[in-house]
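Novice: Got a sequence here, can you model it:
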Amino acid sequence: MSLDENSWFTEVYPEAGAALSLRTEEKLHEERSAYQKIEVYRTAGFGNLLVLDGFVMLTARDNFIYHEMMTHPALFCHPRPESVLIVGGGDCGCLQEVLKHESVVRVDQAELDERVTRVSERFFPDLCASNDDHRANLHFVDGIRWVEDAAPDSYDVIIVDSTDPIGQAARLFQAPFYGACRRALGDTGVLIVQSESPLLHLDLIKSIRWEMAAAGFQHLKTVNFPQCTYPSGWWSATMAGKSIGLESFRETDASTRRFATRYYNASIHGAALAEPEFMRAALEVRT
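Specialist: A predicted model of the protein is given here:
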């Protein structure tokens with residue numbers, strides 16, 4: 001990360017020989033929590049920008065794509081999601097999308113760093129507008145421990161809205177954690193995790209699917225979507241079904257949903273399941 005004399009915030013992607021730059025107008029906030037450095041900038045074209053340890057987490061302009069695709073595909077794959085767990089997700093964007101589903105009666109969010117949520121409440125109030133919903137339960141704890149301690153069949157959907165697999169976060173991408181998620185899910189449960197860029201991180205996506213299969217998940221699908229402020233501008237989320245296939249979803253319900261989205265719809269859901277040719281062979285998993 002760098003901020004040059006012309007007020008350009010730049011995140012460098014060394015593995016790709018590339019970088020993303022956003023012109024900033026003002027640094028609005030900086031602090032070091034017990035876990036990471038948190039910064040917020042006002043940008044010229046993308047609204048407020050949240051940065052954790054030098055990495056772009058979200059901007060006000062394009063975060064809706066990520067949050068909608070991390071939630072609605074999994075929720076519409078489940079026959080009737082009532083109980084949902086979000087691991088991470090401190091900015092509360094996923095929480096807000098989950099709570100749009102009328103069938104949902106309880107959402108637990110297990111986020112390690114409370115300061116990310118409090119900073120988001122201040123600088124991204126639109127994302128946190130549903131934090132006081134009576135169905136929402138914010139827990140500032142270790143998400144891995146929360147899943148491990150969960151009773152069997154506790155959740156219908158588990159959403160892992162995590163940072164990159166660096167340091168302790170690497171455990172969120174491994175079979176023991178996925179096994180704990182499988183145990184915590186009901187029979188028709190669905191797990192979805194952010195799985196980075198198919199263009200730059202295909203080996204990681206392949207590893208995620210192998211680890212999910214090793215944990216006992218037999219139904220796997222990776223959904224693709226654009227995310228212009230993340231590396232390569234192309235992002236993904238990988239779903240695992242405990243006992244149900246993920247090729248189909250409640251298409252009629254998605255088409256007639258009674259809440260607003262800006263990116264997700266039934267056609268997008270179906271299209272996002274398509275895999276480019278270079279992904280197909282690489283992502284085959286024997287189960």
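Novice: mind exporting the host helix or strand of Leu204 as CSV, just the C-alpha atoms?
Specialist: Taking DSSP states H and E as the definition, one finds Leu204 inside helix 202-214. Below are the C-alpha coordinates for helix 202-214, written out as CSV (Å, rounded to 0.1, in the frame of the first residue of the first chain):
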residue,chain,number,x,y,z
LEU,A,202,-7.3,-20.4,-9.2
ASP,A,203,-5.0,-22.7,-7.1
LEU,A,204,-6.7,-21.3,-4.0
ILE,A,205,-10.2,-22.0,-5.3
LYS,A,206,-9.1,-25.5,-6.2
SER,A,207,-7.6,-26.0,-2.7
ILE,A,208,-10.8,-24.7,-1.1
ARG,A,209,-12.9,-27.2,-3.1
TRP,A,210,-10.6,-30.1,-2.2
GLU,A,211,-10.7,-29.1,1.5
MET,A,212,-14.5,-28.9,1.4
ALA,A,213,-14.6,-32.3,-0.2
ALA,A,214,-12.2,-33.7,2.4
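Novice: Which elements pack onto it?
Specialist: helix 175-184, strand 219-226, strand 234-241, helix 277-282 (3 or more Cβ pairs under 8 Å, 6 or more residues apart in numbering; DSSP states H and E). The way it works is simple: take the backbone N, C-alpha and C, and place the C-beta from them, glycine included.
Novice: at 6 Å instead, please
Specialist: helix 175-184, strand 219-226 (3 or more Cβ pairs under 6 Å, 6 or more residues apart in numbering; DSSP states H and E).
Novice: chain center to that helix: distance?
Specialist: 16 Å (Cα atoms, centre = their mean, to the nearest Å).
Novice: quick one: that helix to strand 234-241, angle?
Specialist: Interaxial angle of helix 202-214 relative to strand 234-241 (axes from the mean of the first three to the mean of the last three Cα atoms, to 10 degrees): 10 degrees.
Novice: which of the residues in helix 202-214 are buried?
Specialist: By 16 or more other Cβ atoms under 10 Å, the buried positions in helix 202-214 come out as 202, 204-206, 208-213.
Novice: and what of stretch 12-32?
Specialist: Residues of stretch 12-32 classed as buried: 20, 22, 24 (neighbour count, 16+ other Cβ under 10 Å).
Novice: now, among those residues, which is nearest to Ser33?
Specialist: The shortest approach to Ser33 among those belongs to Thr24, at 21.3 Å (Cβ to Cβ).
Novice: just to revisit the earlier point, let me know the closest of the buried residues of helix 202-214 to Glu30.
Specialist: Closest to Glu30 out of the buried residues of helix 202-214 is Leu204 (29.9 Å), distances taken as Cβ to Cβ.
Novice: starting at the chain centroid, how far to the strand of greatest length in the chain?
Specialist: Counting by DSSP state E, the longest strand found in the chain is strand 18-32. Relative to the mean C-alpha coordinate of its chain, strand 18-32 is positioned 22 Å out (Cα atoms, centre = their mean).
Novice: since we're on Leu220, how many residues are nearby?
Specialist: Counted with other Cβ atoms under 10 Å, the neighbours of Leu220 add up to 21.
Novice: ok, now Asp253?
Specialist: Asp253: 16 neighbours (other Cβ under 10 Å).
Novice: now the one 3 residues further on
Specialist: The local packing count at Thr256 equals 9, with neighbours defined by other Cβ under 10 Å.
Novice: Then Gly179?
Specialist: Neighbour tally, Gly179, other Cβ under 10 Å: 18.
Novice: try the one 4 residues further on
Specialist: The local packing of Arg183 (other Cβ under 10 Å) involves 18 other residues.
Novice: and it, what does it touch?
Specialist: Pro152 (Cβ atoms under 6 Å, 6 or more residues apart in numbering).
Novice: Report pLDDT for it.
Specialist: pLDDT for Arg183: 98.
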